[in-house]
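[1] Okay, here's the prediction I keep looking at, along with the sequence it came from:
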Amino acid sequence: MEYFKEAVSLIVGGDTELWQIIGTTLLMSVFSTGFSALIGIPLGVLIGGNRFFGKSVLLRVTNTMMGLPPVVAGLIVFMLFRGVGPFGSWHLMFSVPIMVIAQVLLITPVVTGLSASTAGEKSKLILDTARGLHLSPGKRLRLLIKECAPQFVSITLMGFGRSIAEVGAVSLVGGNVQYKTRVMTTAILLEANKGDFRKALALGMILMLISLIANIPAYSMQEKMK
Amino acid sequence: MKKLLAILMALTIVLSFAACAGKTEPAATPTDETTAEPTAEPVATPENPVIRLATTTSVNDSGLLPYLLPAFEAKTGYTVEVASAGTGVAIGYAKSGDADLLLVHSKKQEEAFIEEGYASTERLSFMYNYFVIVGPADDPAGIKDLATAADCFQAIADAKAGFASRGDNSGTHNKETGIWEAAGIDPTAEEWYASVGSGMGDTLTKANEMGVYALTDKATFLSMKDSLSNLTILKEEADDMKNTYSLLGVNPDAAAFADTDVAINTEGANALIEWLLSDEAAELIAQYGVEQYGEQLFFLLDK
């Protein structure tokens, strides 16, 4: 209860830095989830909804990538984009875009893998119907996407959850720079390292509140699709 | 479905704009402050206004830099982006071309950095404080009245009393290693020695939980004192526990940066170095901590 009070006083206390951190967190998570969904869902439908040579290998690779540890994703991006790295000329170290890049690397395989498995299951069910109705391949694809849509919302939401809660990759490439790349998770880690567990926990509660708020419109959207 | 996608996209765009709007707010505040100050000279924004400072947790997380830098930023129009980590990591950032200057405290590592041609300045040592040895109040190894840090470490080793080490190649970790060497002990394989591989704050938290000794800078310990109820300062101000902080500019022409697009803001780095060595900064540093902790935390070296 005491921590809850602290969380509330942090929110209403007019702490501009907190709002700035929340803003950076949302900016990062919305973009990394958005890009991951834009790449991962079509790719997943393509893999899951079709039969082709090497499909099982591709699925194995995707499933392995789903287990990519965040620090490893961060490390790969760090090595590529550091000043003396191959993409050093882009000057992206310790910025929001590089955090998005690391998270897209992390989340896209998850979105792809889950979308592929959803599309795979549904396409089996749809195939008979489509044959019976003599649907063209284009129409069949449209039907498949329509059938999978609620699941895609869940998958995207899961990606958002992973993005907003992730700390290993973003602290490595973001550097936790105040007013620039500090997000909720790295702020929590910093407070915990400073021994201010009250503030750390209060920030954690605010983070969960943000997740909850993000969930509400997504769920109502899902209900409408069913 | 198309409609839905459109809504989703629109939501994404609106949300990101909202987030952007939230982001610009605090960035605008410092400039407001500069214009609000009537006595300050008009501030011309420098050509490259961002200075990337890589530093140690002991000067950033203890609150010294957040206390000092706004004065510099208001005066010059620069924005200082601080990445704080252990000295080893901070130097790593500089070697990657991701920092314009360093504020660190590990002589050996600094000298290696200069040797490798990464530095644009000499080692500009300007302030110091003392490391302290903290531990359980009942002092099981009996270090309280010993003369040097090496003697204390010897006593801890003899008593097998438990010690939490940073183990992260930071300045503090290197200092600790140096003291063990001076005492002629290699504790790394001992059962009572815990290398936690983490920052100062986290290491102190773990030492507090385990009820063991640790070497720390005083500023970090004092800033966390409230949450470290099992630990107390047992040894301070021994001759072999001095902790000297130095500034180092990063050399834009370092061999490792050839054929890369590394862009070092030398002008900005020099401006910050000049200010940190100025009398104005010296006065601020001397005052830091007096009000909050009742004592001065960082001392200036004689020029």
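    Noted; the coordinates are in hand. Predicted model, so just to flag it, every value in this text is computed and none were measured.
[2] Report the buried residues of the lowest-mean-pLDDT helix or strand in chain A.
    Of all the helices and strands that make up chain A, helix A:2-12 has the lowest average by mean pLDDT, DSSP states H and E, namely a mean of 80. When burial is assessed from 16 or more other Cβ atoms under 10 Å in any protein chain shown, helix A:2-12 yields the following buried residues: A:6-7, A:10-11. Quick note: C-beta positions are derived from backbone N, CA and C, even for glycine.
[3] Likewise for stretch A:190-205?
    Applying 16+ other Cβ under 10 Å to stretch A:190-205 flags A:190-196, A:198-205 as buried.
[4] Verify the contact between B:Leu231 and B:Asp138 for me.
    No: with contact defined as Cβ atoms under 8 Å, B:Leu231 does not reach B:Asp138; the gap is 11.6 Å.
[5] of the two, who's got more company?
    B:Leu231 (23 against 8; other Cβ atoms under 10 Å in any protein chain shown).
[6] quick one, phi psi at the more buried one?
    phi -110, psi 150 (degrees, to the nearest 10).
[7] which one is it nearest to, not counting chain neighbours?
    B:Val134 (4.5 Å; Cβ to Cβ, 6 or more residues apart in numbering or on different chains).
[8] B:Tyr130: neighbour count?
    Look at B:Tyr130: counted by other Cβ under 10 Å, it has 18 neighbours.
[9] ok, now B:Glu47?
    So B:Glu47, with other Cβ under 10 Å, has 8 neighbours.
[10] which ones are touching the closest residue to it other than its chain neighbours?
    Closest residue to B:Glu47 apart from its sequence neighbours, by Cβ to Cβ, 6+ apart: B:Glu267 at 7.2 Å. Contact partners of B:Glu267, counting by Cβ atoms under 8 Å, 6 or more residues apart in numbering or on different chains, are B:46-48.
[11] Leaving out chain neighbours, which residue sits closest to B:His173?
    Among residues not flanking B:His173 along the chain, B:Arg166 sits closest, at 4.0 Å (Cβ to Cβ, 6+ apart).
[12] Verify the stated contact: that neighbour with B:Thr177.
    No: counting by Cβ under 8 Å, B:Arg166 sits too far from B:Thr177 to count as a contact (9.7 Å).
[13] more neighbours, these two?
    B:Arg166 (28 against 19).
[14] Which pLDDT does the model give that one?
    In this prediction, B:Arg166 carries a pLDDT score of 93.
[15] likewise the one 3 residues further on?
    We note a pLDDT of 88 for B:Asn169 in this prediction.
[16] phi, psi of it?
    Main-chain dihedrals, B:Asn169, degrees, to the nearest 10: phi 60, psi 30.
[17] What separation do you get for it and B:Gln109?
    Taking Cβ to Cβ, to the nearest Å as the measure, B:Asn169 falls 8 Å from B:Gln109.
[18] intersection of neighbour lists for the two?
    Taking Cβ under 8 Å, 6+ apart as the contact rule, B:Asn169 and B:Gln109 both touch B:87-88.
[19] Longest helix in chain A, please.
    Criterion DSSP state H: the longest helix present in chain A is helix A:96-133.
[20] Could I get the buried residue list for it?
    For helix A:96-133, a neighbour-count test (16+ other Cβ under 10 Å) marks A:96, A:98-120, A:122-123, A:126, A:130 as buried.
[21] same thing with stretch A:136-144?
    A:140-141, A:143-144.
[22] in what helix or strand does B:Ile133 lie?
    Using DSSP states H and E, the element containing B:Ile133 is strand B:124-136.
[23] Alpha carbons only: can I get that strand in CSV?
    Extracted in CSV, the C-alpha atoms of strand B:124-136 (Å, rounded to 0.1, in the frame of the first residue of the first chain):
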residue,chain,number,x,y,z
LEU,B,124,43.9,15.8,-16.2
SER,B,125,43.5,14.8,-12.6
PHE,B,126,41.4,17.4,-10.8
MET,B,127,39.5,16.0,-7.9
TYR,B,128,39.7,13.2,-5.4
ASN,B,129,38.0,11.5,-2.5
TYR,B,130,38.6,8.5,-0.4
PHE,B,131,37.5,5.0,-0.8
VAL,B,132,36.1,3.5,2.4
ILE,B,133,35.9,0.0,3.6
VAL,B,134,32.4,-0.8,4.8
GLY,B,135,31.3,-3.9,6.7
PRO,B,136,29.1,-5.3,9.5
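[24] Over that strand, what's the mean pLDDT, rounded is fine.
    In this model, strand B:124-136 has a mean pLDDT of 94.
[25] Mind giving me the packing neighbours of it?
    With contacts defined as 3 or more Cβ pairs under 8 Å, 6 or more residues apart in numbering or on different chains; DSSP states H and E, the packing partners of strand B:124-136 are helix B:149-159, helix B:200-210, strand B:213-217, helix B:218-224, strand B:231-236, strand B:242-249, strand B:299-300.
[26] Would you mark the buried spots in it?
    Buried residues in strand B:124-136, counted by 16+ other Cβ under 10 Å: B:124, B:126-127, B:129-136.
[27] Among these, which one lies nearest to chain A?
    Of all those, chain A sits closest to B:Val134, with 12.8 Å by Cβ to the nearest Cβ.
[28] I'd say the closest one and B:Phe221 touch.
    Yes: B:Val134 is in contact with B:Phe221 according to Cβ under 8 Å; the separation is 5.9 Å.
[29] intersection of neighbour lists for these two?
    Among the neighbours of B:Val134, those also in contact with B:Phe221 (Cβ under 8 Å, 6+ apart) are B:204, B:228, B:231, B:233.
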